[in-house]
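S.K.: Structure of the sequence below:
(one chain, ligands or ions: 1)
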Amino acid sequence: MKIAVCVSGGGTNLQAIIDKIGSGEIHNTEIAVVISNNKNAYALERAAKAGIEGVCISPRDYETRDEFNKAFLEKLDSYNVDLVVLAGFLVVIPPEMIRKYVNRIINIHPSLIPSFCGTGYYGLKVHEGALARGVKVTGATCHFVDEGTDTGPIILQKAVEVLDDDTPETLQRRVMEQAEWIIMPRAIDLIARNRIEVTDGKVKILEA
Ligand code: GAR
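M.R.: Sure, this is the predicted structure:
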């Protein structure tokens, strides 16, 4: 399976995917391209170090959103990938891309959806919200992307304990280590091995 990984920042989820392809935990998968909207994203350096092609495409370089959306879709199409992986990608995915890649785009979100998700909840803001509400358990969700924000079929979730002295930063790190870096690679492997069925907006994981 050929995948594109879309990133905006540090790229620790990208690194987890690279590492688990290397170790064989993700089967039958090759990263064809890493796409960033931010040319300074450390994720692009991680791609370069792993010998993976990196490209930058930003809405800022286009006069209108429609022009960006068109260019982004053309760029993605040119790699002929089977799956698009959003690994901390902070740009809204063009609706025409979502319609073209139905159940072929997955996202990692740093909470247990439907908590702390939707418009405005991304990155540290998700963990700030969890701490402000005083939840005792949070986690991460890997899901298919549909036309809503964080509303697509849920593939995997993993819970993570919140500690009394957590800051948004310490909680973010624990959610990454104990959930994101585990479930995103696992979801990619399940898709690569054809172990996932989507019916009526719900995911069924088939026996190995
Ligand atoms: C991750 O925590 C990811 O779950 C989050 O951004 C971070 C990216 O980190 N994504 C979202 O909030 C999407 N709504 P990374 O660049 O180190 O992988």
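S.K.: so where's this protein uncertain?
M.R.: Residue ranges of the chain with pLDDT under 70: 208.
S.K.: The ligand contacts on that one?
M.R.: Applying Cβ under 6 Å from any ligand atom, we find that the chain lies next to the ligand at 7, 9-13, 43, 87-88, 108-110, 122-123, 126, 176, 180. From N, CA and C alone the C-beta is placed, and that goes for glycine too.
S.K.: Keep only those of these that are in strands.
M.R.: The members of the residues of the chain next to the ligand that map onto strands under DSSP state E are 7, 108-109.
S.K.: State the distance from the residue of the chain found nearest the ligand to residue 197.
M.R.: Proximity of the chain to the ligand (Cβ to the nearest ligand atom) peaks at residue 88, 2.4 Å away. Residue 88 is 27 Å from residue 197, where distance means Cβ to Cβ, to the nearest Å.
S.K.: okay, the two: which has more neighbours?
M.R.: Set residue 88 next to residue 197 and count neighbours by other Cβ atoms under 10 Å: residue 88 wins out with 25 against 11.
S.K.: State the phi and psi torsions of the more buried one.
M.R.: phi 80, psi 40 (degrees, to the nearest 10).
S.K.: For it, which residues are in contact?
M.R.: Each residue near residue 88 by Cβ atoms under 8 Å, 6 or more residues apart in numbering is listed here: 7-14, 43, 108, 123.
S.K.: who wins for neighbours among these?
M.R.: Counting neighbours by other Cβ under 10 Å, the top entry in these is residue 14, with 29 neighbours.
S.K.: Wait, that one touches residue 43, no?
M.R.: Yes - contact status for residue 14 versus residue 43: in contact at 5.1 Å, counting by Cβ atoms under 8 Å.
S.K.: what is in contact with these two at once?
M.R.: What both residue 14 and residue 43 touch, as defined by Cβ under 8 Å, 6+ apart, is the set 7, 34, 87-88.
S.K.: The closest residue to residue 196 other than its chain neighbours sits in which helix or strand?
M.R.: Residue nearest to residue 196 in three dimensions, not counting chain neighbours: residue 190, with 5.2 Å by Cβ to Cβ, 6 or more residues apart in numbering. Using DSSP states H and E, residue 190 maps to helix 181-192.
S.K.: Likewise for residue 142?
M.R.: Counting by DSSP H and E, residue 142 is part of strand 137-144.
S.K.: so what secondary structure elements neighbour that strand?
M.R.: Secondary-structure packing of strand 137-144 (3 or more Cβ pairs under 8 Å, 6 or more residues apart in numbering; DSSP states H and E): strand 105-109, strand 154-161, helix 168-175, helix 181-192.
S.K.: Show me which positions of it end up buried.
M.R.: Neighbour-count burial for strand 137-144 flags 138-144 (criterion: 16 or more other Cβ atoms under 10 Å).
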